[in-house]
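Visitor: for reference, the sequence and a predicted model appear below.
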Amino acid sequence: MGVLLGVLAIIAVIGIAFLLSNDKKNINYKGIGIMLLLQLLITWFMFSTQIGQNIINGISAGFNQLIEYGMVGIEFVVGGFVIDEGGVFFFNVLLLIIFFATILSVLTYLKILPTIIKYIGGMISKITGLPRVESFNAVNSIFFGQSEALIAIRTQFHHLTRNRLYIVSASAMSSVSASIVGAYLQMLPPSYVLLALPLNMFSALIIASIISPVHVPKEEDTVDINNVTDDKSIFEAMGNGALEGGKIALIVAAMLIAFIASLELINGLIQLVFAGVTLQEILGYILAPIGVLMGIAPNEVIQATSVMGTKIVTNEFVAMLDFQPMINDMSEKTVGIVTVFLTSFANFSSIGIIAGTVKGIDSEKAISVSGFGMKLLVGATLASILSATITGLFL
């Protein structure tokens, strides 16, 4: 029964994307079918084979070791302020972003990451028939934040039509930055967070390719990785990475303060009329039918979908903090589905972030992004549902 519901959910997601498509005749069905198959194979491999389990455990152990290194630096600077057993969220979670951003900056300066991303993107392009820039950006979005992923392809922006711009923006919104994955791993089960990275990459391409199909002439289908960084030395890369990570940590902290406080305010206003009712519960009931289709147990669906709704209207960190205390009381399947759903930037605030980034690159194209902003959020949310549903099929 669970598998049947999951298949129905996938069909529903694909169907909604099809209804939103602006060029139904030119949808690349072959490429979409290949990517769906790859998602199923990746999830099966990671969950159902010993080699897959070893890979997940190995990557998780690697991240845990990096987290330990990062904590040494944090402890040296702010150790005296960690006043209880659980520590302080800003110190023990958000400041890790600085260390991870530094590592990414160095790997980018050394051209290690851009080269890996370029060839993986090229392989995806060859297998699926999608353009190289879109494939490169999809892989790039796994490692870098929304702004950084788009900035990395700024030299190709003059080639991007409205549909191509939608696809690269959707990839940026549907993924997460590797610089904050360490923070996620402190809050949610590592295996599901790590699985979400490749699944969301493909889901974003699948949904965006249905909504905004593209056909690119070969002469315009090139990727340039020579201008991905302006750093002149490894030490400059380290410094800029640390500064960028610090900025991200402060931005996340500021957003958490604003969103959590605003959520409390909204709940207070709601309870003036409906005692004991919260916005999270309302969102939970609205999304409950989708949650059931995704494979969440009926007795857990309201709690689970309330967290999912919170993520859409606030951000993933607020939702993760809400979900963290529930994990031990929920089934493994529900935990996996919700964790994968939460591991993306698909929320209202991301529309502004992406539009602002594009405006800094090309002010004319920013008008297009603002025009399809809500369609972008719907597509990214559908991508999150698709990834989470596929995860649920194997739990």
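Guide: That came through fine.

Visitor: longest helix anywhere in this protein?
Guide: With residue count as the measure and DSSP state H as the assignment, the chain has helix 234-273 as its longest helix.

Visitor: gap between that one and the chain center?
Guide: Centre-to-centre, helix 234-273 and its host chain are 17 Å apart (C-alpha atoms, centre = their mean, to the nearest Å).

Visitor: what comes up buried for it?
Guide: By neighbour count, with 16 or more other C-beta atoms under 10 Å as the criterion, the buried positions of helix 234-273 are 237-238, 240-242, 244-246, 248-249, 252-253, 256, 259, 263, 270. Every C-beta, even on glycine, is put in place using the N, C-alpha and C of the backbone.

Visitor: ok, stretch 288-295 next?
Guide: So, applying 16+ other C-beta under 10 Å, buried residues of stretch 288-295: Ala288, Ile290, Gly291, Val292, Leu293, Met294, Gly295.

Visitor: now render those residues as TSV, adding pLDDT, secondary structure and distance to Lys118.
Guide: Rendered in TSV, the data for the buried residues of stretch 288-295 read as follows (pLDDT from 0 to 100; DSSP: H, G, I helix; E, B strand; the rest coil; distance: C-beta to C-beta, whole Å):
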residue	pLDDT	secondary structure	distance to Lys118
Ala288	94	helix	43
Ile290	93	helix	36
Gly291	94	helix	38
Val292	94	helix	41
Leu293	92	helix	37
Met294	94	helix	34
Gly295	92	coil	36
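
Visitor: report the two of those separated the most.
Guide: Spatially, the most separated pair among the buried residues of stretch 288-295 is Ala288 and Gly295, at 13.0 Å (C-beta to C-beta).

Visitor: send me stretch 384-393 as PDB with only the CA atoms.
Guide: Listed next in PDB are the C-alpha coordinates belonging to stretch 384-393 (Å, rounded to 0.1, in the frame of the first residue of the first chain):
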ATOM      1  CA  SER A 384      11.300  18.500  -2.300                       C
ATOM      2  CA  ILE A 385       8.100  16.400  -2.300                       C
ATOM      3  CA  LEU A 386       9.500  14.200  -5.100                       C
ATOM      4  CA  SER A 387      12.800  13.600  -3.300                       C
ATOM      5  CA  ALA A 388      11.100  12.800   0.000                       C
ATOM      6  CA  THR A 389       8.600  10.500  -1.600                       C
ATOM      7  CA  ILE A 390      11.300   8.500  -3.300                       C
ATOM      8  CA  THR A 391      13.100   8.200   0.000                       C
ATOM      9  CA  GLY A 392       9.900   6.800   1.600                       C
ATOM     10  CA  LEU A 393       9.600   4.100  -1.000                       C
END
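
Visitor: which residues touch that stretch?
Guide: Surrounding stretch 384-393, the residues in contact under the criterion C-beta atoms under 8 Å, 6 or more residues apart in numbering are 2-3, 6, 9-10, 13, 39-40, 43, 174, 192, 195-196, 199-200, 203, 206-207, 290, 293-296, 333, 336-338, 340-341, 344, 346.

Visitor: stretch 43-50 too?
Guide: For stretch 43-50, contacts defined as C-beta under 8 Å, 6+ apart pick out 51-53, 55-56, 191, 195, 199, 390-391, 393-395.

Visitor: same thing but at 10 Å, please
Guide: For stretch 43-50, the external contacting residues (C-beta atoms under 10 Å, 6 or more residues apart in numbering) are 51-53, 55-56, 191-192, 194-195, 198-199, 336, 340, 387, 390-395.

Visitor: narrow the residues you listed to those in helices?
Guide: For the contacts of stretch 43-50, secondary structure assignment (DSSP H) places 51-53, 55-56, 191-192, 194-195, 198-199, 336, 340, 387, 390-393 in helices.

Visitor: are any of those buried, and which?
Guide: Neighbour counting by 16+ other C-beta under 10 Å classes 52, 56, 191-192, 194-195, 198-199, 336, 340, 387, 390-393 among those as buried.

Visitor: count of neighbours near Gly122?
Guide: Other residues near Gly122 come to 15 when the count uses other C-beta atoms under 10 Å.

Visitor: any idea how far it is from Thr128?
Guide: Applying C-beta to C-beta, to the nearest Å, one obtains 11 Å for the distance of Gly122 from Thr128.

Visitor: got any residues that touch both of the two?
Guide: Here Gly122 and Thr128 have Ser135 as joint contacts, going by C-beta under 10 Å, 6+ apart.

Visitor: what sits against Leu113?
Guide: Neighbour list for Leu113: 103-107, 139-140, 143-144, 152, 178, 225, 228-229 [criterion: C-beta under 10 Å, 6+ apart].

Visitor: meant to ask about Lys232, not that
Guide: Shown here is Lys232, whose contacts under the criterion C-beta under 10 Å, 6+ apart are Tyr109.

Visitor: in three-state terms, label it for me.
Guide: Under the three-state scheme (DSSP: H, G, I helix; E, B strand; the rest coil), the conformation of Lys232 reads as coil.

Visitor: settle this for me: Ser203 is touching Met35, isn't it.
Guide: Yes. Counting by C-beta atoms under 10 Å, a contact exists between Ser203 and Met35, whose distance comes to 8.3 Å.

Visitor: quick one: which of the two has more around it?
Guide: In this view Ser203 and Met35 are compared by other C-beta under 10 Å, and Ser203 has more residues nearby, 33 against 23.

Visitor: report pLDDT for the residue lying closest to the more buried one once chain neighbours are set aside.
Guide: Taking C-beta to C-beta, 6 or more residues apart in numbering, and ignoring the residues beside it in sequence, Ser203 has Ala383 as its nearest neighbour in space, at 3.8 Å. Looking at Ala383, its pLDDT stands at 96.

Visitor: check contacts around Ala383.
Guide: Counting by C-beta under 10 Å, 6+ apart, Ala383 touches 13, 17, 170-171, 173-175, 199-208, 344, 346.

Visitor: just checking, Ala237 touches Val106?
Guide: Yes. Under the criterion of C-beta under 10 Å, Ala237 is in contact with Val106, at a separation of 5.0 Å.
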